[in-house]
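[1] Compute the structure for the input listed below.
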Amino acid sequence: MGAPLDPSAVKVYTVNGEASGSSSALPDWLTRKREAKGKGKRVIREQVEGTIELIQHFDFPEASNKVKTTRDGHHAIATGTYKPQIKVWDLDQLSLKFERHTDAENVDFVMLSDDWTKSIHLQNDRSIELHTQGGFHYRTRIPRFGRALAYHFPSCDALFAASGPEIYRLNLDQGRFLNPLVLQGEGGEEIAGVNTIDINPAHQLFGFGVEGNGTVEFWDPRSRSRVGILRLPRERLMPINSLAVPALPGVDDGSRPAPLSVTAISSRPDGLSYAIGTSSGHTLLYDIRSARHLAIKDQGYGLPVKNVSWIEGGSRMAGEGYLLSADKKVIKIWNRNSPEVNFTSITPANDINDVHHIPGSGLLLLANEGIKMTSYFIPQLGPAPKWCSFLENLTEEMEDQTTRTAYQDYKFIDRSELAKLGLDHLIGTPALKPYMHGYFVSLELYDAARVIANPYAYAEHRERMVQEKMEKMAETRIRSRKDAGVKVNKALAEKLKKEEERARKREERRAKRAQAATADAEDAMEVDEERPVEADAGEKPSLLSDPRFAVVFQDPEFEVDENTREYALLNPSAVAQRQNREVGRGRTKTAVEEEEEESDKSSSDPLSESDESEEEKSGSDSEDSDDAGKLWQDDIRVRMGARASARKQSKPPPRREPKVRLVPLQAQSDASGRGVDKNATFGQRRSHLGSKGKERASSRDDAAVRRTADGGIEMTFIPKTTSSGHDYDDDGPVGAAARKGKAKEPKRKGVETFGAGMERGGEEPEREMSEAERKGRTKRRQGMRSGSKNTFRKL
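    Below is the predicted model:
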């Protein structure tokens with residue numbers, strides 16, 4: 001099956017970890033925080049709807065270093081940090097089998113058995129650890145810090161590359177170190193170190209990637225001697241006149257040419273082909289029978305190549321001769337016959353530390369700098385492994401997780417900018433590549449179209465730069481502090497200043513109340529109460545002083561346009577107030593309207609008549625406050641407060657006579673002789689009865705009325721009903737004559753009459769009510785209350 005030439009036709013599905021090229025992936029610190037608190041509803045929803053977890057718990061607390069699978073294909077082993085640990089996953093169960101912690105971080109490891117039970121690990125503290133099924137087995141050390149590890153199965157030799165020319169050998173059969181292999185280099189030059197080791201599976205030839213001189217040395221394990229050396233084309237890989245970074249300033253001036261190192265080697269099972277990755281970001285293909293390279297592949301980032309591997313798998317794979325090369329940023333899969341075209345390209349969300357391709361399948365495992373390790377499934381590359389064959393049925397559900405295609409030398413523009421450049425007629429042609437809400441266009445075509453559409457673009461840009469420079473120079477002049485840094489949105493700045501001033505006054509009042517409340521407290525309590533006040537003494541940050549929002553008040557691009565429809569929808573009250581001010585400012589009131597307004601104000605306030613003089617005296621103060629910028633608001637509370645303060649400052653008002661309705665000291669006589677004032681007291685009624693006739697009073701029994709020594713009067717009488725035909729008067733001649741001369745009043749049913757005009761029972765006769773009694777009080781009370789003590793004192 002031939003490989004498609006268009007990389008966008010190859011679908012890449014993320015089955016573990018963050019999606020390829022994902023810009024919405026959560027940062028590691030947030031993932032760590034959520035894991036500490038426990039999974040909530042949002043985390044579970046994101047996990048179910050956003051990603052597919054093929055292998056459960058496929059992650060490390062901080063980062064992962066290396067990942068491999070066993071030769072039997074049933075387990076995956078990875079090392080990571082922090083804390084340094086080893087994890088083993090059971091692929092048949094798609095879950096974690098166990099984890100094992102170590103004392104140092106792992107550099108590289110090799111599986112000694114076909115399963116996970118035996119392994120050898122090279123640590124970053126120069127130690128070598130042997131692990132078995134039961135756990136840690138043995139530890140030893142090498143003289144230098146190790147960089148790579150390989151195992152020669154026929155001789156049971158473990159090879160360790162370090163930061164020197166030696167290749168250390170540890171024989172696991174004999175249990176001791178053997179003589180190291182010492183690399184000589186070309187002409188006996190010094191070798192800084194060996195970065196990688198490769199053992200050809202066909203003829204067991206050792207390949208060592210040397211650092212600094214750009215060579216690969218081949219050694220025969222039988223004779224333990226070098227059989228050949230491969231020199232990489234430095235002039236093709238390194239930039240022209242590239243120099244090394246000075247190692248010691250002042251001692252090493254960096255005049256040496258930049259070093260070229262070999263960072264990855266992979267030999268094909270046919271025993272003839274080699275793929276070599278360099279520190280310059282290139283991958284070269286060689287035939288062992290020729291010193292000239294067959295092909296060169298550039299990763300594009302200039303970063304050292306971390307992994308190079310041949311993708312094998314037989315007839316079920318996409319084809320023969322495919323390679324995988326990866327640096328820290330990108331993974332590229334390409335055909336050795338056409339290295340300039342990618343089969344596919346994957347840009348993970350995190351930096352790559354290691355890549356492992358599962359043989360005979362389209363599944364890739366990645367160890368990266370993120371918490372979650374990543375797995376990618378590429379159906380066009382090969383089938384799914386046996387332990388996850390269900391992936392082939394899930395490809396349709398994962399269509400939205402395809403990788404983002406990386407375009408080189410292309411510019412992204414939207415439809416509006418495309419129309420401005422006059423390139424909208426190219427829509428649908430190969431010149432425009434649709435992507436999201438716009439198109440990718442060639443950078444050369446974009447530059448040419450921009451110059452044609454606006455020939456004065458450079459002149460406008462130069463003028464803009466000159467204007468900005470002049471404004472910066474003008475800022476050094478002496479200016480008032482009030483307008484410093486505020487060029488646009490002055491209304492917003494003024495509003496923020498008023499709010500800050502209001503908040504500051506509120507805090508001052510609150511602090512004064514707190515100090516007054518704690519004035520009589522103990523000394524210890526006073527110290528405790530003063531601490532928060534002292535802490536808040538500093539100036540609080542505000543929107544005007546925050547440098548993050550300084551551009552809002554300086555850059556004209558951020559100016560708020562108050563005439564737009566969007567502003568009116570967001571701020572309807574502000575727009576209405578502005579329109580009212582404009583209407584009021586456009587038309588002035590006539591003299592008649594002003595006079596009517598003044599009369600309405602005076603009529604609505606009854607106290608204004610007596611306070612005219614005070615208002616005239618306080619007029620100067622109000623004019624001063626108006627000049628200070630305070631707008632007069634027609635509020636009754638403000639006016640009452642102003643009059644009260646003016647009344648205190650001015651002389652006391654003239655004494656006014658209260659209109660008090662007093663109770664008369666003597667009851668008024670009625671024409672009929674029987675009428676008694678209801679408002680009269682009991683004593684007044686008694687005196688009224690005594691003045692009716694002296695004869696009746698003289699003929700009255702002395703025992704009925706007694707006078708005490710202190711001036712009091714005791715009276716006894718017998719109640720009589722209205723049926724007797726007379727009041728409480730006795731049956732004397734004077735009383736009989738008086739009753740004969742009076743008109744007989746009608747009797748009221750059920751009414752019992754007592755002496756002194758008192759009655760009980762019956763209903764009150766209907767009478768016509770006055771206007772004031774029917775509607776209640778309609779005017780404000782005049783003067784002071786009639787029952788006030790001050791009224792009687794003035795009499």
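[2] could I have stretch 284-293 exported to CSV, CA atoms only?
    C-alpha atoms of stretch 284-293 as CSV (Å, rounded to 0.1, in the frame of the first residue of the first chain):
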residue,chain,number,x,y,z
LEU,A,284,21.2,11.0,7.6
LEU,A,285,20.8,7.6,6.0
TYR,A,286,23.8,5.5,5.2
ASP,A,287,24.6,2.2,3.6
ILE,A,288,27.4,0.4,5.5
ARG,A,289,29.2,-0.3,2.2
SER,A,290,29.5,3.4,1.4
ALA,A,291,30.8,6.5,3.2
ARG,A,292,28.4,8.8,1.3
HIS,A,293,24.9,9.4,2.7
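[3] Quick one: list the elements packing against the longest helix anywhere in the chain.
    Secondary structure of the chain per DSSP state H: the longest helix is helix 490-517. If you count contacts as 3 or more Cβ pairs under 8 Å, 6 or more residues apart in numbering; DSSP states H and E, helix 490-517 packs onto helix 523-535. For glycine as for every other residue, the C-beta is placed from the backbone atoms N, C-alpha and C.
[4] Over to stretch 102-122 now: how far is its first residue from its last?
    Taking Cα to Cα, to the nearest Å, the first and last residues of stretch 102-122 lie 11 Å apart.
[5] Show residues contacting that stretch.
    65-66, 68, 70-72, 74-75, 77, 79-81, 84-86, 88, 97, 123-125, 127-133, 136, 146-151, 158, 160, 172 (Cβ atoms under 8 Å, 6 or more residues apart in numbering).
[6] What's the ChimeraX syntax to select whichever of these are buried?
    Buried members of the contacts of stretch 102-122, defined by 16 or more other Cβ atoms under 10 Å, are picked up in ChimeraX with:
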select :65,66,68,70,74,75,77,79,80,81,84,85,86,88,123,127,128,129,130,131,146,147,148,149,150,151,158,160,172
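[7] mind listing what the nearest residue to Lys497 once chain neighbours are set aside touches?
    In this structure, Lys497 finds its nearest non-sequential neighbour in Leu544, 7.2 Å apart by Cβ to Cβ, 6 or more residues apart in numbering. Contacts of Leu544 were listed using Cβ under 8 Å, 6+ apart, and they are Gly485, Val486, Ala493, Leu496, Lys497, Glu500, Phe553.
[8] Try it again at 10 Å.
    Going by Cβ atoms under 10 Å, 6 or more residues apart in numbering, Leu544 touches Gly485, Val486, Leu492, Ala493, Leu496, Lys497, Glu500, Ala550, Val552, Phe553.
[9] And Arg231, by the same measure?
    Taking Cβ under 10 Å, 6+ apart, we find Arg231 in contact with Glu186, Asn213, Gly214, Thr215, Val216, Leu260, Ala291.
[10] What about the fourth one, how many residues nearby?
    Applying other Cβ atoms under 10 Å, we find 21 other residues in the vicinity of Thr215.
[11] what pairs with it across the strands?
    Under DSSP bridges, the beta-bridge partners of Thr215 are Arg231.
[12] And the pLDDT at it?
    Listed pLDDT for Thr215 reads 91.
[13] which residues sit in contact with it?
    Contacts for Thr215 (Cβ under 10 Å, 6+ apart) come out as 183, 185-186, 189, 191, 208-209, 229-232, 260-262.
[14] Any buried residues in the longest helix of the chain, and which?
    Leu492, Ala493, Leu496.
[15] ok, now how distant is the first one from Val552?
    Using Cβ to Cβ, to the nearest Å, we find Leu492 at a distance of 8 Å from Val552.
[16] so where's the stretch 501-650 of the chain uncertain?
    Residues of the stretch 501-650 of the chain that meet the criterion pLDDT under 70 lie in 520-540, 583-650.
[17] how about the strands in the stretch 51-200 of the chain?
    Secondary structure of the stretch 51-200 of the chain (DSSP state E, counting those that start in this stretch): strands at 63-69, 75-81, 85-90, 95-101, 106-111, 119-123, 127-132, 135-141, 146-152, 157-162, 166-171, 176-182, 194-199.
[18] between the shortest one and strand 127-132, how many degrees?
    Pointing back at strand 119-123 there. Relative orientation of strand 119-123 and strand 127-132, computed by axes from the mean of the first three to the mean of the last three Cα atoms, to 10 degrees: 160 degrees.
[19] Just the buried positions in the longest strand anywhere in the chain, please.
    In the chain, taking DSSP state E as the definition, the longest strand is strand 338-346. Buried residues in strand 338-346, counted by 16+ other Cβ under 10 Å: Pro339, Asn342, Phe343, Thr344, Ser345, Ile346.
[20] which residue packs closest to the fourth one, ignoring adjacent ones?
    The shortest distance from Thr344 to any non-neighbouring residue, by Cβ to Cβ, 6+ apart, is to Val10 (4.1 Å).
[21] What residues does Glu190 make contact with?
    Gly164, Pro165, Gln184, Gly212, Asn213.
[22] May I have the phi/psi pair for the residue lying closest to the second one once chain neighbours are set aside?
    It stands for Pro165. Nearest residue to Pro165, sequence neighbours excluded (Cβ to Cβ, 6+ apart): Ile191, at 4.1 Å. Backbone torsions for Ile191, taken as degrees, to the nearest 10, come to phi -110, psi 130.
[23] so who does Ile191 touch?
    163-166, 182-185, 208, 210-213, 215, 217.
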